[in-house]
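S.K.: Fold the stuff below for me.
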Amino acid sequence: MSKDNGVVGPASVEPEVHDRAELERLVAEADTGGRQPRSRAARTVLFVVPLLWALFQLWYASPLPFQLRIGVFNATEARAIHLAFAIFLVFAAFPATRKSPRDHVPWLDWIIGLIAAGCSAYLFVFQSELSARPGLPTTTDLVVGILGVVLLLEAARRSIGIALPIVCLLFLAYAYFGPYMPDLFAHRGASISRMATQYWLTSEGVFGVALGVSTAFVFLFVLFGSLLEKAGAGNYFIKVAFALLGHLRGGPAKAAVLGSGATGLISGSSVANVVTTGTFTIPLMKRVGYDPVKAGAVEVSASVNGQLMPPVMGAAAFLIAEYVGIPYSEVVRHAIIPALLTYISLFYLVDIEARKANLKGLPRERSRSRLMSLALFGMTAAAFVLFCGLVYYGLGWTRTLFGSAASWAVGIGALAIYVGSVAFRARYPDLEVDDPNATEVKLPDTLEVAPAGVHYLMPVFILVWCLMVEELSPGLSAFYGTCALMFLVITQRPLIALFRGGRHIWSEFRAGFSDLLDGLVTGSRNMIGIAIATAAAGIVVGTVALTGIGLALTEIVITLSGGNLIIMLLMTAVICMVLGLGMPTTANYVVVATLIAPVIVDVATLNDVAVALVAVHLYVFYFGLMADVTPPVGLASFAASAISRADPVKTGVQAFTYEMRTAILPLIFIFNHQLLLIGVDNWLKFVLVVTSALAGMLVFVSVTQQIFITRSRLYETAALLLACAMLFLPGMFMDRLVPATMDAPAENIVQIAEDAGPGTFLRVEVAGVDLGGNDYTRVMRLPLGESGEGVERLTNAGIQVTSFAGQTQVVNVRFRSQAERLGLEAGQTVTRVLLPNTQRPPQELLYLPAFLLIGIIAALQWRRRSWDQPGMPRRPAAA
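M.R.: Down below sits the predicted model:
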């Protein structure tokens, strides 16, 4: 194997031999079920049942049941049907053990699957009877409840591994053996009858909030992603990424980052993302000189971070919205900047790795100047942002112009644009799936590849329009977007054939209809693990409600951390990663959000840190995601190592070092909420926040890689870390100089709430007495929402207050409001209101010394770059 300046010649490389069937089996085992039965009857069942599930979910999300007054299901009925489909498919599609047959479904699994589905459907069939006897279950009720929990745990073991069932069993044991627990954990215990009722027959256990979110929102977004992939968008994203970036230094790695980020928009699975993009990117990374371990680690990092990208976020976005009590669009707004920072910083990281090894890119068919290439990349990177801005701001006038007919006008306009874009796309050749093992690889021309997928914007446009302009619910928005995508899948083939001369239109229509059916089935099978995970995690949620373990856990964490917020946050990060080692991200988030998120809020408020609730939930989500990377159970690392032929543990360790940049983000936005666009009320501040955060991330990557302009020395690393801290947390530095707040009398709280701007927060300090009789004070950060009267804004935030004899007390806290989730309780005394200090200089002034420090280090390293560059001789010793 010959090398020339670090570049492996394409013609000199022996093709990588990959067992594509083995990779598909790996994805199937993790996401859709590993069985591929030979029997026609079994294959028919595994096709028809997922198809019916998809059609049911579409019907449930649509407005048709209410318009036609038939087939209307309430939330409990829909959850029961949702879980019945999922649990049946687990026993039909997922083998019981590694030695279980894959080529047929044993008759015992058919029977167990039907029984499990019947236990779930029991709530649908007998809902009226169950509601008529609350707390008085019959023997049949108890048998169904116990059997349902047992079979659910077995379904979870088959589909998502042993970790979550073990956690659930521990919580079940804790609920039953409460009287025998140590004093701190002891409770009166629950009978088998009480447990069966709690977990299976009410909405506080398996059929609780998490499964409700899976039923109402998550399914359709996963289905949307599956159909978009079936339409060809996945291959299009990879092609565009390679056309744009493949020729750059270490180009395949940069293309892997961009391609995986785009694929992450439509995929909620780290493993599927690795296999989809990694099958092509990893061999090409190795071809240009990347070490196999690093090639796999780059793909793992890029693919796992796909779950941070809105709109799906591995299904967590919808759960966060439900647990925090904010609209889904708000979650997307808070999460978008950190997600973009992770990908931009990873792009920079792989460039550093390419510089270290002196790597080059792949040859392209048509040469283009570097300036033109950068311009094309910049325009592509900005396209989606501009597109969303156009939808939100540029088309908002249609509501004024067309009134109630605005949706019809936009729909007709979108249809016309779609047909025109397909006509434009038909002028370009179809995109073939590339062979990464080809002896010679040349990159396609961007101007020829990019137009081949312009019509994919139509369903995305519909989705964004419904979410942002019409402000429909996520479920209804996803329904309209999915319907548009179904129309695209069916019609794109015959329309392309029509515009190319009108041949084979009917056969292309049949092929499009077949693609639609396959996409619906695949989307349903991709949902199996998520549905089972959210249902099983409901056991943990039910135990917390049944036993009050949350209070005990708070006491333990506070004791172990000594009440120190930083120590507690690090402990929480470790807990999230340990729990996630064998659990999917969705289940991990539900468990940790139930157990740990309230603890973070309690400790933060006791430390006088007014933390936003959404920041806490994003914090636990981010660290739970790290488990997809870390060995020994990181499935994404195993999938990447299967392609790269490298050691999976080494791949996981290397990927974790790359993910240090992701792990630092939640620690930052806990203390700097501006990173989540909280408190960013004008464009100038937005630009300053994003620019400083991006600079801080890139400098932090340079620190972890020990290369900035060239190799960094110890004092340079320390200086760059100081600059990072000032860019990330300017408020903490400014607080040492000038207090951030000033006190206002508590009795003025109503007037202060009325005078506050829209979308702002009200910081209040409250005092009370805990269960142990100890006095405490807490600092809370209440969201005030839109402008209005003070009493109304406080009520919307979840509290009612009264002032009497010089004291202001909380008299009522609304159930499941953000005020309750933050720890506010009736009877607490408001001791003061904290207003922004108007005499305090802007904290953004600290960006100036930070950038000055970075500039000094850059100048120092620039002077010695010729001696310290990788591959260059060292500076000669002084005589």
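S.K.: At which residues are the strands of this structure located?
M.R.: 3-4, 7-8, 741-744, 761-769, 775-783, 799-804, 807-813, 829-836 (DSSP state E).
S.K.: Please look at G135 and T197 and confirm they touch.
M.R.: Yes: if you go by Cβ atoms under 8 Å, G135 and T197 touch, sitting 7.0 Å apart. C-beta coordinates here come from the backbone N, C-alpha and C atoms, glycine included.
S.K.: Which one's more surrounded, those two?
M.R.: Using other Cβ atoms under 10 Å as the criterion, G135 and T197 rank with T197 on top: 24 against 9.
S.K.: Look up how far V469 lies from the more buried one.
M.R.: 44 Å (Cβ to Cβ, to the nearest Å).
S.K.: Kindly report the same for V766.
M.R.: 39 Å.
S.K.: Would you mind telling me which of those two has the busier surroundings?
M.R.: The neighbour comparison of V766 against V469 (other Cβ under 10 Å) goes to V766, with 25 against 18.
S.K.: Contacts only, for I854.
M.R.: A695, V699, L720, A723 (Cβ atoms under 8 Å, 6 or more residues apart in numbering).
S.K.: now the residue nearest to the first one when sequence neighbours are not counted: how far from I707?
M.R.: In other words, A695. Spatially, and ignoring its direct neighbours in sequence, A695 is nearest to L727 (5.8 Å; Cβ to Cβ, 6 or more residues apart in numbering). Noted for L727: a distance of 19 Å to I707, by Cβ to Cβ.
S.K.: Which one's more surrounded, these two?
M.R.: Legend: neighbour count by other Cβ under 10 Å for L727 and I707, higher for L727 (26 against 19).
S.K.: tally of neighbours for F207?
M.R.: So F207, with other Cβ under 10 Å, has 27 neighbours.
S.K.: cool, and the one 5 residues further on?
M.R.: Using other Cβ under 10 Å as the criterion, G212 is surrounded by 22 other residues.
S.K.: what does S39 give?
M.R.: As a burial measure, S39 scores 12 neighbours (other Cβ under 10 Å).
S.K.: I'd like the distance between A54 and T831.
M.R.: 55 Å.
S.K.: So for those two, which sits in the more crowded spot?
M.R.: A54 (26 against 17).
S.K.: In this protein, which residue is most central in space?
M.R.: M313 (2.2 Å; Cα atoms, centre = their mean).
S.K.: Any idea how many residues pack against W110?
M.R.: 15.
S.K.: That one and L89 touch, don't they?
M.R.: No: W110 is beyond contact range of L89, at 11.8 Å (criterion: Cβ under 8 Å).
S.K.: Just the pLDDT for the residue nearest to V105 when sequence neighbours are not counted.
M.R.: Nearest residue to V105, sequence neighbours excluded (Cβ to Cβ, 6+ apart): A42, at 5.0 Å. Note on A42: pLDDT of 92.
S.K.: Measure how buried A42 is and give me the count.
M.R.: Close neighbours of A42, defined as other Cβ under 10 Å, add up to 18.
S.K.: Break the protein into its domains for me.
M.R.: Domain ranges of the chain: 20-210, 741-836, per automatic domain parsing.
S.K.: Mind putting these into TSV with distance to V288?
M.R.: Shown next, in TSV, are the domains of the chain (distance: least, Cβ to Cβ, whole Å):
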stretch	distance to V288
domain 20-210	22
domain 741-836	48
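S.K.: So which of those domains is nearest P584?
M.R.: Closest of the domains of the chain to P584 is domain 20-210, at 5.2 Å (criterion: Cβ to Cβ).
S.K.: quick one: that closest one to chain centroid distance?
M.R.: Chain-centre distance of domain 20-210: 24 Å, with Cα atoms, centre = their mean, to the nearest Å.
S.K.: again with stretch 823-835
M.R.: 34 Å.
S.K.: Ends of it, what's the gap?
M.R.: For stretch 823-835, the first-to-last residue distance is 20 Å (Cα to Cα, to the nearest Å).
S.K.: picking that back up, between the domains of the chain, which one is closest to I856.
M.R.: Closest approach to I856 among those is made by domain 741-836 (32.8 Å; Cβ to Cβ).
S.K.: Might one say that R793 is in contact with A753?
M.R.: Yes: using Cβ under 8 Å, R793 is in contact with A753, at 4.8 Å.
S.K.: Which neighbours do the two have in common?
M.R.: In contact with both R793 and A753: L784, using Cβ under 8 Å, 6+ apart.
S.K.: Show me where the stretch 301-450 of the chain has its helices.
M.R.: Assigned by DSSP state H, counting those that start in this stretch, the helices in the stretch 301-450 of the chain fall at 316-324, 328-357, 370-389, 397-402, 406-425, 446-449.
S.K.: among these, which gets the worst mean confidence?
M.R.: Across those, helix 370-389 gives the lowest mean pLDDT, at a mean of 53.
S.K.: quick one, what contacts L822?
M.R.: V601, T605, L613, M780, R781, L782.
S.K.: where's A426 relative to G413, distance?
M.R.: Distance, A426 to G413, using Cβ to Cβ: 20 Å.
S.K.: If you count surrounding residues, which of the two has more?
M.R.: A426 (20 against 13).
S.K.: The more buried one and S128: what is the separation?
M.R.: A426 is 55 Å from S128, by Cβ to Cβ.
S.K.: Please apply the same query to K286.
M.R.: From K286 to S128 the distance is 62 Å (Cβ to Cβ).
S.K.: One more: S641?
M.R.: Separation of S641 from S128 (Cβ to Cβ): 53 Å.
S.K.: Same drill for these two, tell me which one is more crowded.
M.R.: Comparing S641 with S128 by other Cβ under 10 Å, the one with more neighbours is S641, at 26 against 7.
S.K.: which residues does the more buried one contact?
M.R.: G296, D647, P648, T651.
S.K.: next one: R503
M.R.: Counting by Cβ under 8 Å, 6+ apart, R503 makes contact with A497.
S.K.: So A196 is in contact with L142, correct?
M.R.: Yes: here A196 reaches L142: they are 4.9 Å apart, a contact under Cβ under 8 Å.
S.K.: higher neighbour count, the two?
M.R.: A196 (22 against 17).
S.K.: mind checking pLDDT for that one?
M.R.: At A196, pLDDT is 91.
S.K.: excluding its backbone neighbours, what's nearest it?
M.R.: G145 is the one closest to A196 (Cβ to Cβ, 6+ apart), at 3.3 Å.
S.K.: Could you point out the longest helix of the chain?
M.R.: When the chain is parsed with DSSP state H, its longest helix is helix 505-547.
S.K.: Relative to I854, how far out is the residue nearest to A695?
M.R.: From L727 across to I854, the span is 9 Å (Cβ to Cβ).
S.K.: quick one, what contacts G135?
M.R.: By Cβ under 8 Å, 6+ apart, the contact set of G135 is T197.
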